[in-house]
Each structure stands twice: as C-alpha cells, then as structure tokens.
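>>> Below is the structure, and that's it, no one-letter string:
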Ligand SMILES: Nc1ncnc2c1ncn2[C@@H]1O[C@H](COP(=O)(O)OP(=O)(O)OP(=O)(O)O)[C@@H](O)[C@H]1O
C-alpha cells in the first residue's frame with residue numbers, strides 16, 4: 001500500500017451536461033498535509049469538486065490524478081489502494097450503510113477495514129465516539145434510530161476509524177446544531193492533529209473551517225479566487241468580494257482575526 005498518497009487536480013474543468021461548473025482548478029493534497037479548508041458560497045462548485053476528486057465526474061479538460069494516474073480509470077489494484085487511502089464522506093454517506101446496524105457494528109466494520117488495509121491504530125470505539133461528541137452508550141443504538149446530526153457524527157467517526165491517508169469531508173456536520181458544531185470542531189481539531197491523515201474540509205461554514213484548518217482555498221464560480229491562512233485572507237482590506245461576503249456571513253470567525 002502506498003505510504004504517500006497524492007491527489008491532484010490540474011487545470012480541472014468539469015461539470016454537468018451543458019454546464020461548466022469547475023473552471024481551471026489546481027489542487028494538490030498529500031498524505032501528512034495539514035488540514036485544508038475549501039470554502040465558498042452555495043453553488044460555487046464545492047460538491048462538484050469533491051465528485052471530480054472522487055472520480056464520479058470526468059474532467060472535460062485537465063486531470064484529476066491519484067499517484068499520477070487518472071482517478072476515473074484506475075486499474076483494479078490502484079483502484080483498491082485509492083479506496084483505502086482516500087476517503088470521502090458527504091452529508092448523506094450513512095444512507096448507503098445498512099440502517100439496522102448498531103453504531104458499534106458500523107464502527108467495528110470501519111476499524112476492520114483499517115486493519116485489512118494495514119492502517120491499524122490505537123483508537124478505540126470509545127475514543128471515536130468521544131471524538132465526535134457522542135456518549136459511549138450510543139454504541140448499542142441502531143443507525144435507523146439516530147437523528148440526522150447523530151448519523152453524521154457516526155459517519156465521521158467511521159471515516160476516522162478507517163484512518164485514510166487523505167480524508168475529504170464534504171459538509172460533514174450540516175445536520176448538527178451550531179453550538180454542538182463549534183464544540184465538535186474543537187474536539188476534531190485535536191484528533192486531526194494526532195492522526196497522520198490529511199483532511200480536506202469542504203464547507204460553507206467558516207466557523208467550522210476556522211477552528212479546524214489554517215490554510216484555505218476560496219472557491220467562487222468554479223475557480224479558486226483566494227488561497228492562504230484564513231486569518232490573513234479575512235484580515236486583508238483588499239479582499240476578493242467572495243471572501244468579504246463569507247466574512248460578513250460569519251462575523252464570529254472574522255472577529256477572531258481582528
Ligand atoms: N447533477 C447536476 N446536474 C446539473 N447541474 C448541477 C448538478 N449538480 C449541481 N449542479 C449545479 O452545479 C453548480 C455547483 O453545484 P455544487 O453542488 O457543486 O455547489 P456547492 O458549492 O457544493 O453548493 P452548496 O454549498 O449549496 O452545496 C450549481 O449551479 C448546481 O445547480
């Protein structure tokens with residue numbers, strides 16, 4: 001198994017029939033990288049970028065590669081490595097899991113997957129639940145009985161359990177209430193620093209990104225319009241209008257840099 005996963009987009013143009021959403025995106029994520037935030041307003045193309053990185057959408061121009069091979073046509077062996085090394089979770093990633101499973105079984109399967117891929121780690125089920133702010137008692141609950149926000153937290157815990165080299169989180173906590181989201185972000189930041197997983201957090205929630213990622217890319221109309229430490233971007237008087245709008249929509253995050 002590769003020990004240095006590299007996921008790259010080079011001059012990536014992609015979208016849907018009749019529409020270009022991504023317009024020349026360049027991005028490189030290497031295992032071991034510090035958490036990276038990708039922020040942008042609704043409709044900027046964040047989810048489309050995640051789909052393209054996952055290989056679900058083919059580039060119209062440019063490439064998305066995993067260890068130098070195009071992700072949408074990886075040979076079998078590399079495809080398996082890609083699946084084990086790069087993990088994607090979205091708002092509804094739990095809908096594909098059997099809803100009758102208990103939380104413990106679901107996390108147990110994820111830990112088993114990590115073992116199979118040679119990615120064992122010392123994290124216990126209790127640690128995982130704690131990292132996502134759920135009490136240990138949740139382990140016996142069936143997924144079908146959980147609220148949307150609780151399901152998202154379990155999905156996040158399962159993704160962490162597999163200990164991928166790169167973890168792409170697309171709006172991972174939208175169903176969690178704002179106060180819990182802030183607490184969770186704080187816990188997560190600690191855990192992410194411990195795991196040697198490069199996390200890409202894709203979100204329009206600047207508060208969440210501000211607490212977990214130092215470096216951010218700002219996506220607007222399918223292009224990165226600003227890149228850098230969030231504090232510098234928010235503190236820059238000559239901000240790009242999109243950065244200004246994001247800052248105005250998240251006054252608490254912006255305030256911390258004044
Ligand atoms: N399956 C699809 N077919 C056609 N157009 C689509 C499809 N999915 C998304 N789009 C369009 O692509 C553009 C980008 O959508 P995308 O979901 O990538 O944005 P986003 O930044 O993730 O937005 P949000 O924060 O609201 O989730 C939007 O204009 C959207 O309407």
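Yep, that arrived. Keep in mind that what you see is a predicted model, and the values were worked out from it rather than measured. Residues are numbered from 1 along each chain as shown.
>>> Strands of the protein, residue ranges please.
For the chain, the strands defined by DSSP state E cover 6-16, 19-30, 36-39, 61-66, 69-70, 86-89, 166-170, 198-203, 215-220, 223-229.
>>> What parts of the stretch 1-150 of the chain come near the ligand?
The stretch 1-150 of the chain has residues 16, 19, 21, 40, 42, 43, 44, 45, 46, 47, 48 near the ligand, with proximity defined as CB under 6 Å from any ligand atom. C-beta coordinates here come from the backbone N, C-alpha and C atoms, glycine included.
>>> For the fourth one, give its distance to residue 132.
Meaning residue 40. In this structure, residue 40 and residue 132 are 25 Å apart, going by CB to CB, to the nearest Å.
>>> can you pull up the bridge partners for the residue most central in space within the chain?
When the chain is reduced to its mean C-alpha position, the nearest residue by CA atoms, centre = their mean turns out to be residue 169, at 1.6 Å. Residue 169 forms beta bridges with residue 89, residue 201, as assigned by DSSP bridges.
>>> From what I see, it and residue 200 are in contact.
Yes: proximity of residue 169 to residue 200 meets the contact threshold set by CB atoms under 8 Å, at 6.9 Å.
>>> Helices along the chain, start to end?
46-54, 76-85, 103-116, 125-131, 148-161, 178-194, 206-212, 230-235, 241-249, 251-255 (DSSP state H).
>>> gap between the fourth one and the chain center?
Averaging C-alpha coordinates over helix 125-131 and over its chain gives two centres that are 19 Å apart (CA atoms, centre = their mean, to the nearest Å).
>>> Which elements pack onto it?
helix 103-116, helix 148-161, helix 178-194 (3 or more CB pairs under 8 Å, 6 or more residues apart in numbering; DSSP states H and E).
>>> separation between residue 89 and residue 158?
The spacing between residue 89 and residue 158, counted by CB to CB, is 8 Å.
>>> Who has more neighbours out of these two?
For residue 89 versus residue 158, the count of surrounding residues by other CB atoms under 10 Å is larger for residue 158: 24 against 21.
>>> May I see the strands of the chain arranged in TSV, with mean pLDDT as well?
Formatted as TSV, these follow (pLDDT from 0 to 100):
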stretch	mean pLDDT
strand 6-16	97
strand 19-30	96
strand 36-39	95
strand 61-66	97
strand 69-70	94
strand 86-89	90
strand 166-170	91
strand 198-203	92
strand 215-220	95
strand 223-229	93
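>>> Tell me which of those strands sits nearest to residue 178.
With CB to CB, the closest approach to residue 178 among the strands of the chain belongs to strand 198-203: 13.0 Å.
>>> For residue 178, state which of the residues of the stretch 1-150 of the chain next to the ligand is nearest.
The closest of these to residue 178 turns out to be residue 42 (CB to CB; 17.2 Å).
>>> Tell me how many other residues surround that closest one.
Considering only other CB under 10 Å, residue 42 is surrounded by 6 other residues.
>>> Thanks a lot, catch you later.
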